[in-house]
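[1] Could you look at this predicted model? Sequence included:
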Amino acid sequence: MQTLGVVPAEWTASDIDGQAVFVVQNLQDVRDKWPLFLAGKPDFVKVFLLYSEQHDQRKDDPAYQYRRGIDPALVPAIVERARAAKLTVSAHVYTAADFRTAVDAGVDQIAHLPGIGYDEKLGRDRFRLTDEDALRAARQGVTVISTLTEFYDDMTVKPGLHEYFDDVIRSNFQKLRVAGVPVLIGSDQFRRTTDVEARALSRLGLYTNLELLQVWCVDTPRMIFPDRRIGSLEPAYEASFLVLEGNPLDHPSNTQRIALRVKSGHVLLPGNPPFPPLKKK
């Protein structure tokens, strides 16, 4: 398994294996490295599927370094081990075939809307989901993370991709939602918050203002922290919330007009620590 990412310049491929990712090329690798993976006390498992329908073509070709992923035949074995360890499984995907492989293997989450890794040389059909794809994902309780800002630059679809976006990305998004698959909010913008993703979804008209708030403030955080009582102002829930100067139902930009921040019942003020100092016993 290989993945994209930023790693120290001095690292070699052997440094990356076991620290950034676990590289597995066969079932024996999965057996050998699974205890090492568990020793790190992970919160979940993530498998990287990149153009899995071309795995045999890409696996030994240096031209595809960092543009290939795990052998799709290994994913069911990883999911089985994750289930035994009570860990959820997330799958990075680019193509529709990646999506189908992940759903067939029983993953819990798809960590990219299919089509985000568009390669025009492969043609659009490789990235287009069918209605049946979406229905099968819904039946299995799979969630999908949006990551639409891969196509977004300064609040507009990147040049040359408008037609593709409407033909494939918007279509995939709508098929998933019609089938009942939750599409949650997340991006690959590592140095920015999900605000940029939420604004993209709003600008593209993929969610109404009310739907956007529900997904952003309730559904997504509850998926990330399933054991916490968050996303509601009901009694016994965590008192963590923002007070805004304008109604986000009128315009999503009002989410930027923050008047007050409260975390677990403590008001957060500029320059002050978020919680009172612990008292010594």
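    Noted; the coordinates are in hand.
[2] how deep is Arg68 tucked in, by neighbour count?
    By other C-beta atoms under 10 Å, 23 other residues sit near Arg68. From N, CA and C alone the C-beta is placed, and that goes for glycine too.
[3] Just give the nearest non-adjacent residue to it, would you?
    Leaving aside its sequence neighbours, Arg68 sits nearest to Arg58 (C-beta to C-beta, 6 or more residues apart in numbering; 4.0 Å).
[4] Can you tell me the number of residues neighbouring the one you found?
    Residues contacting Arg58 under the criterion other C-beta under 10 Å number 18.
[5] Now do the buried residues in stretch 89-109.
    89-103, 105, 107-109 (16 or more other C-beta atoms under 10 Å).
[6] Kindly report the same for stretch 191-203.
    Thr194, Asp195, Glu197, Ala198, Arg199, Ala200, Leu201, Ser202.
[7] Residue ranges of each domain in the chain, please.
    Here the domain assignment for the chain is 13-228, 239-281, based on automatic domain parsing.
[8] if you compare those, which one is most tucked away?
    Using mean count of other C-beta atoms under 10 Å, the stretch among those with the largest mean neighbour count is domain 13-228, at a mean of 17.
[9] Report the distance from that one to the chain centre.
    6 Å (C-alpha atoms, centre = their mean, to the nearest Å).
[10] What segments of this protein are helices?
    For the chain, helices defined by DSSP state H occupy the ranges 13-16, 27-39, 55-58, 75-84, 96-105, 131-139, 162-164, 170-179, 195-203, 209-214, 220-224.
[11] OK, contacts around Gln140?
    When contacts are counted by C-beta atoms under 8 Å, 6 or more residues apart in numbering, Gln140 is found next to Val103, Gly106.
[12] repeat for Arg229
    Arg229 neighbours (C-beta under 8 Å, 6+ apart): Ala236, Tyr237, Glu238.
[13] now, which of those sits nearest Gly40?
    Proximity of these to Gly40 (C-beta to C-beta) peaks at Glu238, which lies at 27.4 Å.
[14] Quick check, that closest one in contact with Asp227.
    No: judged on C-beta atoms under 8 Å, Glu238 makes no contact with Asp227 at a distance of 11.5 Å.
[15] wait, isn't the residue nearest to Arg68 in contact with Arg67?
    Yes: look at Arg58 against Arg67 with C-beta under 8 Å: they come within range, at 7.0 Å.
[16] quick one: common contacting residues for those two?
    Both Arg58 and Arg67 are contacted by Tyr51, under the criterion C-beta under 8 Å, 6+ apart.
[17] picking that back up, how about the buried residues of stretch 191-203 in a markdown table, adding distance to Leu213 and pLDDT?
    Shown next, in a markdown table, are the buried residues of stretch 191-203 (distance: C-beta to C-beta, whole Å; pLDDT from 0 to 100):
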| residue | distance to Leu213 | pLDDT |
| --- | --- | --- |
| Thr194 | 13 | 89 |
| Asp195 | 13 | 89 |
| Glu197 | 14 | 90 |
| Ala198 | 9 | 91 |
| Arg199 | 13 | 88 |
| Ala200 | 15 | 87 |
| Leu201 | 11 | 89 |
| Ser202 | 10 | 90 |
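[18] how about those in a markdown table, adding distance to Thr220?
    Formatted as a markdown table, the buried residues of stretch 191-203 follow (distance: C-beta to C-beta, whole Å):
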| residue | distance to Thr220 |
| --- | --- |
| Thr194 | 8 |
| Asp195 | 12 |
| Glu197 | 10 |
| Ala198 | 10 |
| Arg199 | 15 |
| Ala200 | 15 |
| Leu201 | 11 |
| Ser202 | 15 |
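[19] And these, which is closest to Glu132?
    Nearest to Glu132 among these, with distances taken as C-beta to C-beta, is Leu201, at 25.0 Å.
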